[in-house]
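Novice: sequence below, structure please.
(one chain, ligands or ions: 1)
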Amino acid sequence: MDNPIFSAAWLQHPEKTNEAPVEFLFAFTSQKAVKSAALQATALGVYAATLNGGKVGGEVLAPGWTNYRKRLQYQTYDVTELLTAGENLLSIEVGVGWRMHAREKDWTQPTLGGKETALLAALSIEYSDGTSEVFTTGESWRCRLSKTRYSDIYNGEFYDAGFEDNLVLPAKVLDYPKEILIPLQGERIVETERLAVKSMFTTPQGELVLDFGQVLTGYVEFRIEGAAGKKGTLRHAEILDAAGNFYTTNLRKAKQEIDFVCDGGAHVYKPKFTFQGFRYVQPKDWPCEVKPEDFTAIVVHSEMRRTGRFECSEPMLNQLFSNVVWGMRGNFLDVPTDCPQRDERLGWTGDAQVFCRTASYLYDCERFFSKWLADLASEQFANGGVPHVIPRMHWDGDSSTGWADAAVICPWEIYKTFGAQKLLLRQFDSMKAWVDYMAARSQDGLWLGGGHFGDWLNLDGDSATPKPVLQNAFFAYSTGILVKAGEVLGISMEEYQAQLRQTKEAFVREFIEDGKLACNTQTACVLALHFDLVQGGLRESVAVQLASLIRECGHLKTGFLGAGYLLHALSENGLAPLAYDLLLRREYPSWLYPVTMGATTIWERWDGLRPDGTFQDAGMNSFNHYAYGAVADWMIGVMAGIQTDEANPGFRHIVFAPQPDARLDYAKAEIDTRHGLVKAGWHKSDAGFVYEFTVPQGCTAEARLEGRVLALGPGAHTLTIGD
Ligand code: BGC
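Specialist: Residues are numbered from 1 along each chain as shown. Purely as a prediction, here's the structure:
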């Protein structure tokens, strides 16, 4: 049978609606006994459907965010239970959602403005007598303006309970492509948790503020009651300023406000077409008494199975780990975003690349990345270049080192954690195109030129690690991954192996002087070591260089490109105690410094909130940016010691390689893999460290402990290495 949604017609409101959400209505009669009924729907914008007043589907913010020019997901819902015998009313509201990013010139239909919305839907009913009926969006549908008078992702929503658009008009059919339709490829976006108010207080400026105790992404459900026409506004903020006042300057142009206009009655309301990044809310001009129990924060993100957990004897590290998890929850809302609060919230490739391995340990995110990587490939330029953000923005340029490499690094990390060979195969051309892009611009293995973000937000200064050092390090790293991916897929990679050798030689030739990295920064050393660009004696001397750079100042100085690999570069080169020094440090700059300042998520900058209580530049100061949270993969992989094996991905064979430290009493982690629960940990005893590992049935493992390698079979193991 033909797929019904492809016979449906795109519908719009017949008049210019100034981007106001529109409600499409379809009334129909179903007389016979119903066996099953399914609704397929999608929108240019975001939509929410009800059938006879009952919510259709468990998701929110459908159809999600993809490269709308080429790929638009539709959802299919079982609506059998919502259907009634006789008269039925289907209502589907559509708001602009992420489509507000679009600009006319970007769209396949030059006549359709970026923010205009449209609906496409098909309702298929199978009757018990064997007959069936399909209702598709078309001229018989009607529409009116929604009570939600305004909505957008950044600014919030304006809802008027008293508004009733009496002008119900026939919907207008729109000529718009349907070849772009794809069934849901990512995860559903769902409400995952509800948080009660932790405390209520009045700020020095006299504003009443509610604190949910946790920075999160989602929205607030509230109970409200007031005289008709009275408006209350709910404002959202991540943090309070030094004086304890509500602080929203770091949101830049994003208003993050929910306006509710009362109609005299009591309502329980939550937004439909927007989300906020917040911990605090301020009910402003509230028309009724503000009672904490009337406000509930609802956490919203992609539906993924939680897999990774970590715990150790240092509570501050446990809080750090929790902050990483919340950072992921806050930024995995259909697209891996940099941040969820300010006027940005974009699928920055660099951030995603840095955090991908950690993400794959914390949640089962194969499907999530699989969809996003399909968007990445679809956005890639003909020359192999990769936009900075996926889905691409109209302003986007292309191809910064460490950002564009997401094309190669992400599929490989997902492959290692989940054994996703099909994904690797599907992405291979995209991976290769990016490596070819770099190769085409290189000479004798050296790639120069181009525009790059550099080691973003590092503490050495913008160009301390010169762009050529960074771009050639990533050139070699991505080429190396491509070679391994090709080998997995049975593709001859000789040409790329030769290219890799040449790039590594060029790196040493150009950037090493007297056995050291000439630019003398932590990030340069970290990349040279972790990307295996230096061998033998040279590796040793670069490791010494890194160690002395750290010891000289006593702390990390790495930015986005170095931070995630910093501890690995140390522990891979016999410097685990120094890695622990950095991890356990509490003063600025360090991973624990934000924890000492009360952080509940990962900050964009090492000093988002300074020790004296003042803020970093509000122009770029998010308190929910997961990039530096990449440290959690070291906590799971090296502290507790659970690692993948490239040759047997998906934890079919597990490498246990913990590097314990006597400053802690214990550390342990677990990952609920596709093959079962993998556990690793250790604790201190008089006789030395006692290690415990669990290997699921059907898997094998090896423990690399204090210089020895032991083969382990399925089951639980307790080991001591001593005499
Ligand atoms: C984003 C980053 C991103 C960067 C590019 C910022 O505005 O928030 O996380 O990677 O731009 O340099």
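
Novice: Ser622: neighbour count?
Specialist: 28 (other C-beta atoms under 10 Å). Every residue, glycine included, has its C-beta placed from N, CA and C.

Novice: surely it meets Asn250?
Specialist: Yes: the pair Ser622 / Asn250 is scored as a contact, 6.7 Å apart, by C-beta atoms under 8 Å.

Novice: please identify the buried residues of stretch 509-522?
Specialist: Within stretch 509-522, the residues scored as buried using 16 or more other C-beta atoms under 10 Å are Glu510, Phe511, Ile512, Lys516, Leu517, Cys519, Thr521, Gln522.

Novice: not counting that stretch itself, show me its contacts.
Specialist: 446, 455, 458, 460, 464-466, 468-469, 472, 524-525, 528, 534, 537-538, 541-542, 545-546, 549-550, 556-558, 562, 566 (C-beta atoms under 8 Å, 6 or more residues apart in numbering).

Novice: just to revisit the earlier point, between the buried residues of stretch 509-522, which is closest to the ligand?
Specialist: Thr521 (17.8 Å; C-beta to the nearest ligand atom).

Novice: relative to Gly559, how far out is the closest one?
Specialist: To Gly559, Thr521 is 10 Å away according to C-beta to C-beta, to the nearest Å.

Novice: overlap in contacts of Ser622 and Asn250?
Specialist: By C-beta under 8 Å, 6+ apart, Ser622 and Asn250 have these common neighbours: Glu238, Gln341, Arg342.

Novice: hmm, Thr248 and the last one touching each other?
Specialist: Meaning Arg342. No: Arg342 is beyond contact range of Thr248, at 9.7 Å (criterion: C-beta under 8 Å).

Novice: give me the more crowded residue out of those two.
Specialist: Between Arg342 and Thr248, counting by other C-beta under 10 Å, Arg342 is the more crowded of the two (26 against 23).

Novice: quick revisit: shared neighbours, Thr521 and Gly559?
Specialist: Asp455, Asn458.

Novice: please name the nearest non-neighbouring residue to Ser541.
Specialist: Nearest non-adjacent residue to Ser541, counting by C-beta to C-beta, 6 or more residues apart in numbering: Gly515, 4.3 Å away.

Novice: that neighbour and the ligand, how far apart?
Specialist: Using C-beta to the nearest ligand atom, to the nearest Å, we find Gly515 at a distance of 32 Å from the ligand.

Novice: again with Leu320
Specialist: 19 Å.

Novice: doesn't that residue lie inside a strand?
Specialist: No: counting by DSSP: H, G, I helix; E, B strand; the rest coil, Leu320 is not part of a strand but helix.

Novice: sketch out the low-pLDDT regions of this structure for me.
Specialist: Under the criterion pLDDT under 70, the flagged ranges of the chain are 1, 101-115, 722-723.

Novice: which positions in it make contact with the ligand?
Specialist: Counting by C-beta under 6 Å from any ligand atom, the residues of the chain close to the ligand are Asp338, Cys339, Glu344, Trp348, Gly350, Asp351, Phe453, Trp456, Met620, His625.

Novice: what strand or helix carries the third one?
Specialist: Looking back up the chat, that one is Glu344. Under DSSP states H and E, no helix or strand contains Glu344.

Novice: spatially nearest residue to it (excluding sequence neighbours)?
Specialist: In space, Glu344 is closest to Asp338, 6.0 Å off (C-beta to C-beta, 6+ apart).
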